[in-house]
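Trainee: using only what follows, build the 3D model:
(chains A and B)
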2 protein chains.
Amino acid sequence: MTDGIVKGQAAPVELAQVWRGEFLESVHMGHAVVVDASGEVVKAWGDAGAVVLPRSSSKMLQALPLVESGAADAAGLSDEQLALACASHNGARAHVDRVEAWLADLGLGDDDLRCGGHMPKDPDEAKRLTCSGDQFCQVHNNCSGKHAGFLTLSKHLGAGPEYVEIDHPVQKAVRAAFEEVTGEESPGYGIDGCSAPNFACSLTGMARAMARFASADETDARGRAMVRLRNAMVTHPLLVAGEGRACTELMRAMEGRVALKTGAEAFFVAILPEQGLGVALKVLDGGTRGAESAICSILVELGALDPEHPAARQFQRPPLVNCRGIEAARIAPGRVFG
Amino acid sequence: MTDGIVKGQAAPVELAQVWRGEFLESVHMGHAVVVDASGEVVKAWGDAGAVVLPRSSSKMLQALPLVESGAADAAGLSDEQLALACASHNGARAHVDRVEAWLADLGLGDDDLRCGGHMPKDPDEAKRLTCSGDQFCQVHNNCSGKHAGFLTLSKHLGAGPEYVEIDHPVQKAVRAAFEEVTGEESPGYGIDGCSAPNFACSLTGMARAMARFASADETDARGRAMVRLRNAMVTHPLLVAGEGRACTELMRAMEGRVALKTGAEAFFVAILPEQGLGVALKVLDGGTRGAESAICSILVELGALDPEHPAARQFQRPPLVNCRGIEAARIAPGRVFG
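Mentor: Numbering: from 1, shown residues only, chains lettered A, B, ... in the order given. As a prediction, this is how the structure comes out:
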């Protein structure tokens, strides 16, 4: 049993606060770390060595074998499709239609996915499904782009259909890339919401991986894959999440200068190519609002995000408006910031 | 500014864990306390003196003036209506129809409420509203029963329509009852999601109030009001929350022996009349799943809840089943328990 998130070298710190009137009502504790192009920790809050499951913040690492292997080029994948491979999308038609077309291009369909389905977050598509009585499909799963990428790689490798099994060639390739880029042997994995293995690493390992994406050049296949994936994300922020979502709105706010990716249970990573920096953070309690506020606080501290941009206000320190439109509470940066 | 939840006498403790495979993925930290009939702390986890906003866990205190004043009897309120006065309900027709009838009995309507409206949690009613295009009403607000109680008291007092204002006779009566029963002068209040003032107190003050409910006898108006409210809750658990909700299912599991009430931002209280005990807990991060698991752990430790009852399993240590039906993760009691 690995309880690295709470038994590390340093205690967790307060990454975000929730104020109601003059009362500090709730707090989000956690760990965060910034790593530079040389792989060194340049700033840490809490325990940079905490063992974590990065969940969907791993998606760029999970997409590396797809691009490096030549599978993406062989299938003629566009940057839109690579953005979807890195996405936790809302299941809006913009996402679902593209994944359906991608599967059709592969000669495959919804039944070939192994992610399972769930009601999409996108309100229009959710309403359409609810009121028509139509069942959601696996393409509605927020991870369906990642899975279309897995299927693309699996086909390229001539491997079998059960591509989320831990010993399938796709997952072996993912694990190898994950360990090389984090610079660590993974202590193991958990099963993600979409049934794919999710490999564990230290928080520093995850930030190191993001710093490698940030400082990648195109002198080898890995560097070219990293540059292509990070560019796909910042070029198509809507495809990475959805309207109103933190990843989409904050990438838009930073106008292509930073790639961002959230993960379930309050994970967040950032890739800052201009500074050659990678960021990773985990809010201990899994509260998304805390992770969204904290990634903003760190991006502001690194000079990458204007704290007065509407998206920064919306995710770093959103007002919590009640049922009569009264601003009854507010999220604020944790006291370790600013 | 009052940051009592994190700067108290004792550090917060781990009240619940989230495991994914062999990895401790997330934790919920917080404070909890058990108080006996004499008002003494018999058990504490973390900081029993933490200053908190009990949110909807205050509803039984907010309903005391309604009953004590004679307003409830003058209006002929039933135990069902008193359960609704203490409820954070799902906005199912079972709740909404009863609140609408209550308002009509008062000669009032939806527009007289000051809670605002929100889409109800009840899936059938939410689907009906979404697909018909009907707008939700204020009666759909999870607090509409409390507000119907406020309107009943306000009418009885001959007071004005703005019953959520801090200096309105209804809120003055609530504050007086709150301070008397918690045994503390409140340091202030926040505005709740339903726009009513929510008074602050120490966690011990809240548990003391619950212990007074637990040990109340019917020798005076307050005691009679306390017994009547706690009995109304355990007799009508469905009206206090809704199908599948923790308060409802756990009160059903304990077959009338314990009254329970959750509050927003991960508050929970329990009234144990057989033992004369009151419980209050706050999970620091506001994560409801943590508070639900922790109240179960405490009720199990007090011998009030069978840990093998399906409802105990469902809320203390629920499996987190993913999109393909795989039990990918699990909530577990914090290491301070058993």
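
Trainee: quick one: is the longest strand seen in chain A near chain B?
Mentor: In chain A, assigned by DSSP state E, the strand with the most residues is strand A:23-35. Yes - for strand A:23-35, a contact with chain B is found by CB under 8 Å from any CB of the partner chain, at A:23, A:24, A:25, A:26, A:27, A:28, A:29. Backbone N, C-alpha and C define where each C-beta goes, glycine included.

Trainee: same thing with stretch A:180-197?
Mentor: Yes - using CB under 8 Å from any CB, we find that stretch A:180-197 touches chain B at A:188, A:189, A:190, A:191, A:192, A:193, A:194, A:195.

Trainee: among those residues, name the buried ones.
Mentor: A:189, A:190, A:191, A:192, A:193, A:194, A:195 (16 or more other CB atoms under 10 Å in any protein chain shown).

Trainee: and which of those is nearest to residue B:149?
Mentor: Nearest to residue B:149, judged by CB to CB, of these is residue A:193 at 41.0 Å.

Trainee: quick one: contacts for the nearest residue to that closest one once chain neighbours are set aside?
Mentor: Spatially, and ignoring its direct neighbours in sequence, residue A:193 is nearest to residue B:322 (4.7 Å; CB to CB, 6 or more residues apart in numbering or on different chains). The contact partners of residue B:322, by CB atoms under 8 Å, 6 or more residues apart in numbering or on different chains, come to A:116, A:191, A:192, A:193, A:194, A:195, B:328.

Trainee: and the fifth one, its phi and psi?
Mentor: Backbone torsions of residue A:194, given as degrees, to the nearest 10, read phi -100, psi 10.

Trainee: isn't it right up against residue A:118?
Mentor: No - assessed by CB atoms under 8 Å, residue A:194 is found out of contact with residue A:118, at 9.3 Å.

Trainee: what is in contact with the two at once?
Mentor: Listed as contacting both residue A:194 and residue A:118 by CB under 8 Å, 6+ apart are A:141, A:142, B:323.

Trainee: show me where chain A has its strands.
Mentor: With strands called from DSSP E, chain A shows them at A:13-20, A:23-35, A:41-45, A:51-52, A:189-191, A:197-199, A:201-202, A:259-263, A:267-272, A:277-283, A:319-321, A:327-333.

Trainee: pLDDT on the second one, on average?
Mentor: The pLDDT scores in strand A:23-35 average 98.

Trainee: same for it, what does it pack against?
Mentor: strand A:13-20, strand A:41-45, helix A:203-215, strand A:277-283, helix A:288-301 (3 or more CB pairs under 8 Å, 6 or more residues apart in numbering or on different chains; DSSP states H and E).

Trainee: and residue B:278, which of the ones you listed is closest to it?
Mentor: Closest to residue B:278 of the helices and strands packed on strand A:23-35 is strand A:13-20 (CB to CB; 23.4 Å).

Trainee: low-confidence ranges, the stretch 151-300 of chain A, go.
Mentor: For the stretch 151-300 of chain A, no stretch has pLDDT under 70.

Trainee: please identify the residues of it in proximity to chain B?
Mentor: For the stretch 151-300 of chain A, the residues in contact with chain B (CB under 8 Å from any CB) are A:188-195, A:198, A:200, A:265-266, A:283-287, A:290.

Trainee: could you check how far the residue nearest to residue A:323 when sequence neighbours are not counted is from residue B:85?
Mentor: The shortest distance from residue A:323 to any residue other than its chain neighbours is 2.8 Å, reached at residue B:116 (CB to CB, 6+ apart). Going from residue B:116 to residue B:85 by CB to CB, to the nearest Å gives 18 Å.

Trainee: and those two? Which one has more around it.
Mentor: residue B:85 (31 against 21; other CB atoms under 10 Å in any protein chain shown).

Trainee: next one: the more buried one, what pLDDT does it get?
Mentor: 98.

Trainee: ok, it - contacts?
Mentor: B:59, B:62, B:63, B:66, B:77, B:145, B:146, B:148, B:149, B:229.

Trainee: now do residue A:248
Mentor: Contact analysis of residue A:248 by CB under 8 Å, 6+ apart lists A:237, A:238, A:240, A:241, A:242.

Trainee: tabulate those (TSV), appending neighbour count.
Mentor: Shown next, in TSV, are the contacts of residue A:248 (neighbours: other CB atoms under 10 Å in any protein chain shown):
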residue	neighbour count
A:237	24
A:238	21
A:240	28
A:241	26
A:242	25
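
Trainee: ok, stretch A:306-319 near chain B or not?
Mentor: No - contact of stretch A:306-319 with chain B (CB under 8 Å from any CB) is absent, the minimum separation being 12.1 Å.

Trainee: what about that stretch, start to end distance?
Mentor: Stretch A:306-319 has an end-to-end distance of 18 Å (criterion: CA to CA, to the nearest Å).

Trainee: what are the buried residues along that stretch?
Mentor: Using 16+ other CB under 10 Å as the burial criterion, the residues of stretch A:306-319 that qualify are A:309, A:311, A:312, A:314, A:315, A:316, A:317, A:318.

Trainee: also stretch A:273-290?
Mentor: A:273, A:275-290.

Trainee: again with stretch A:204-216
Mentor: A:204-216.

Trainee: of those, just say which sits nearest to residue A:37.
Mentor: Using CB to CB, the buried residues of stretch A:204-216 come closest to residue A:37 at residue A:215, 3.6 Å.
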